[in-house]
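Asker: with the input below, show me the fold.
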Amino acid sequence: MIDIKFLRENPDAVKENIKKKFQDSKIPLVDEVIELDNQRRSTQQQADGLRADRNKYSKQIGALMGQGKKEEAEEMKKLVTEKSEELARLEEQETELSEKVTKIMMTIPNIIDESVPIGKDDSENVEIEKFGDPFVPDFEIPYHTDIMEKLNGIDLDSARRVAGNGFYYLMGDIARLHSAVIAYARDFMIDRGFTYCVPPFMIRSNVVTGVMSFAEMDAMMYKIEGEDLYLIGTSEHSMIGKFIDTVIKEEELPKTLTSYSPCFRKEKGAHGIEERGVYRIHQFEKQEMIVVCKPEESKMWFDKLWQNTVDLFRSLDIPVRTLECCSGDLADLKVKSIDVEAWSPRQKKYFEVGSCSNLGDAQARRLKIRVSAGKQKYFAHTLNNTVVAPPRMLIAFLENNLNEDGSVRIPEVLRPYMGGKEVIK
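Answerer: Coordinates of the predicted model:
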């Protein structure tokens, strides 16, 4: 969420930013929120004046009573009552205007970094760098669920009967591989100095609206009926929420955490044939990383975070590339984002396996995550990145480590987590 003071002083810059995100329908909101904010500030000034008058009159009542001027004191009491009634009306109006301002401010997109390429959607994202050499073997690579089924590693039919589409049973060595990847990713991040955390898997609505836009919330989150709770779509939501309404001492920054959780997503809309199987599902598990830091350090941490994911995938012999998300592909709270994509030798192209985002102070402003530096306080910057999400990671893993006889090679770094196995047959 943008600072209202910045919007007030730089309306043209905010409008230009909206244009860069191709959300022209939101441009009138800038003038609307400025007008509402002016009304709110005017109402606040009137209310402050009434409070001052009421306090002054209350003191005079005490003085008059002390002087035995009871009738004058009673008249003054009537005046105080009138002022109190008027003040109550203004306070109600002020609250209503504040709520309107906040609601609009939460729909106006954050100011994107000047380095972000301008584009309408993900088709205009820009490749930055490739890591590892993409390789296509001289034998045919089956679809990932076919590979798993031949290894007795997945049961989609039973999952459909139990929960519907978008779910699966992982079995045997494939299930073990799934857990091994999560455990390896956990230790990989701990070795890089991150603190391991298992967070709550449900969060309240004020945390949801603090970490994501309304559009994302509607498209992703499952609501628990009858309770003010939502199932998390990623542990980032719960992890950033950990710091809600807190003041962190500057010397305690940065906060670097890596978290494990299941993730639950509606995944609204139709998706292409390459997204069947376990590519896009309603329930999966993930290792995440988040950072809470000083504003001047967020760029540095952004580069460190996406590099962590690249390094992890390369340690598993999977070629990857980084892709800069263009302005139209950025969620409203994001300042800058880079996707990490893994190579698919079957499709002969890359596909997304993780996303690294710098949200500036947007989440911190919504959740009131502040930093104290002496007598000064300021909003922290928050960042997040996927370490690994095994469903998609399994696709890349199986395709890049498949042998011609249908067996799957286990990279050396993963073997301790697989009981020493070198291959899945």
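Asker: any weak-confidence spans in the stretch 101-250 of the chain?
Answerer: Flagging of the stretch 101-250 of the chain using pLDDT under 70 yields an empty set of residue ranges.
Asker: can you rerun that using 80?
Answerer: Per-residue confidence for the stretch 101-250 of the chain (pLDDT under 80) gives these ranges: 214-215.
Asker: where do the helices sit along it?
Answerer: Chain-ordered helices for the stretch 101-250 of the chain, with DSSP state H, counting those that start in this stretch as the definition, fall at 144-150, 156-163, 172-191, 205-211, 214-220, 235-241.
Asker: from the chain's centroid, how far away is the lengthiest helix in the chain?
Answerer: The longest helix of the chain (DSSP state H) is helix 27-66. If you compare the mean C-alpha spot of helix 27-66 with that of the full chain, they lie 37 Å apart, counting by Cα atoms, centre = their mean, to the nearest Å.
Asker: how about the helices of the stretch 101-250 of the chain, which one is nearest residue 197?
Answerer: helix 235-241 (6.7 Å; Cβ to Cβ). The way it works is simple: take the backbone N, C-alpha and C, and place the C-beta from them, glycine included.
Asker: right, and residue 175 touches residue 153 too?
Answerer: Yes: counting by Cβ atoms under 8 Å, residue 153 is a contact partner of residue 175 at 6.9 Å.
Asker: neighbour-wise, which of these two wins?
Answerer: For residue 175 against residue 153, the residue with the higher neighbour count under other Cβ atoms under 10 Å is residue 153, and the figures read 24 against 14.
Asker: neighbours around residue 365, how many?
Answerer: Count around residue 365 with other Cβ under 10 Å applied: 21.
Asker: just want the phi and psi numbers for it.
Answerer: For residue 365, the backbone dihedrals are phi -70, psi -40 (criterion: degrees, to the nearest 10).
Asker: wouldn't it be in contact with residue 6 here?
Answerer: No: contact status for residue 365 versus residue 6: not in contact, 10.7 Å apart, counting by Cβ under 8 Å.
Asker: residue contacts, the closest residue in space to residue 176 that isn't next to it in sequence?
Answerer: The spatially closest residue to residue 176, leaving aside those adjacent along the chain, is residue 418, at 6.3 Å (Cβ to Cβ, 6 or more residues apart in numbering). With contact set as Cβ atoms under 8 Å, 6 or more residues apart in numbering, residue 418 has these partners: 173, 176-177, 180, 410.
Asker: also residue 179?
Answerer: With contacts defined as Cβ under 8 Å, 6+ apart, the neighbours of residue 179 are residue 417.
Asker: begin at 306, not 1, for the rest of this chat.
Answerer: OK, 306 is where the count begins now, so the last one is residue 484.
Asker: from residue 501, how far out is residue 594?
Answerer: The spacing between residue 594 and residue 501, counted by Cβ to Cβ, to the nearest Å, is 10 Å.
Asker: please apply the same query to residue 478.
Answerer: When Cβ to Cβ is the yardstick, residue 478 and residue 501 sit 26 Å from each other.
Asker: name the residues of stretch 541-552 that are buried.
Answerer: 541-549 (16 or more other Cβ atoms under 10 Å).
Asker: just send those residues back as a markdown table, with distance to residue 512 too.
Answerer: Formatted as a markdown table, the entries for those read as follows, by distance: Cβ to Cβ, whole Å:
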| residue | distance to residue 512 |
| --- | --- |
| 541 | 11 |
| 542 | 7 |
| 543 | 8 |
| 544 | 10 |
| 545 | 8 |
| 546 | 4 |
| 547 | 9 |
| 548 | 10 |
| 549 | 6 |
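Asker: tell me, how many residues neighbour the closest residue to residue 566 other than its chain neighbours?
Answerer: Leaving out its chain neighbours, the residue that sits closest to residue 566 by Cβ to Cβ, 6+ apart is residue 540, at 3.7 Å. Residue crowding around residue 540 was assessed by other Cβ under 10 Å; the count is 27.
Asker: again, but for residue 418
Answerer: Residue 418 sits with 17 neighbouring residues when counted by other Cβ under 10 Å.
Asker: format the contacts of residue 723 as CSV; extra columns: distance to residue 633 and neighbour count.
Answerer: Conversion of the contacts of residue 723 to CSV gives the following (distance: Cβ to Cβ, whole Å; neighbours: other Cβ atoms under 10 Å):
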residue, distance to residue 633, neighbour count
478, 42, 21
481, 41, 17
482, 36, 27
485, 38, 20
715, 40, 22
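Asker: now, which of those sits nearest residue 384?
Answerer: The closest of the contacts of residue 723, once distances to residue 384 are taken by Cβ to Cβ, is residue 485, at 76.4 Å.
Asker: find the nearest non-adjacent residue to the closest one, please.
Answerer: According to Cβ to Cβ, 6+ apart, the nearest residue to residue 485 is residue 722 (3.6 Å).
Asker: do you know how far that neighbour is from residue 716?
Answerer: Going from residue 722 to residue 716 by Cβ to Cβ gives 11 Å.
Asker: surely residue 560 touches residue 602?
Answerer: No: with the criterion set as Cβ under 8 Å, residue 560 and residue 602 do not qualify as a contacting pair; they are 11.5 Å apart.
Asker: more neighbours: which of these two?
Answerer: Higher neighbour count among residue 560 and residue 602: residue 560, with 18 against 15, using other Cβ under 10 Å.
Asker: quick one: that one from residue 594, how far?
Answerer: Computed with Cβ to Cβ, the distance linking residue 560 and residue 594 is 11 Å.
Asker: just the CA trace of stretch 665-674, in CSV.
Answerer: Extracted in CSV, the C-alpha atoms of stretch 665-674 (Å, rounded to 0.1, in the frame of the first residue of the first chain):
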residue,chain,number,x,y,z
GLY,A,665,9.0,-2.7,-0.4
ASP,A,666,7.1,-1.5,2.6
ALA,A,667,3.6,-2.4,1.2
GLN,A,668,3.0,-5.4,3.5
ALA,A,669,4.7,-3.7,6.5
ARG,A,670,2.5,-0.6,6.1
ARG,A,671,-0.7,-2.7,6.0
LEU,A,672,0.4,-4.9,8.9
LYS,A,673,2.1,-2.1,10.9
ILE,A,674,5.6,-3.8,10.9
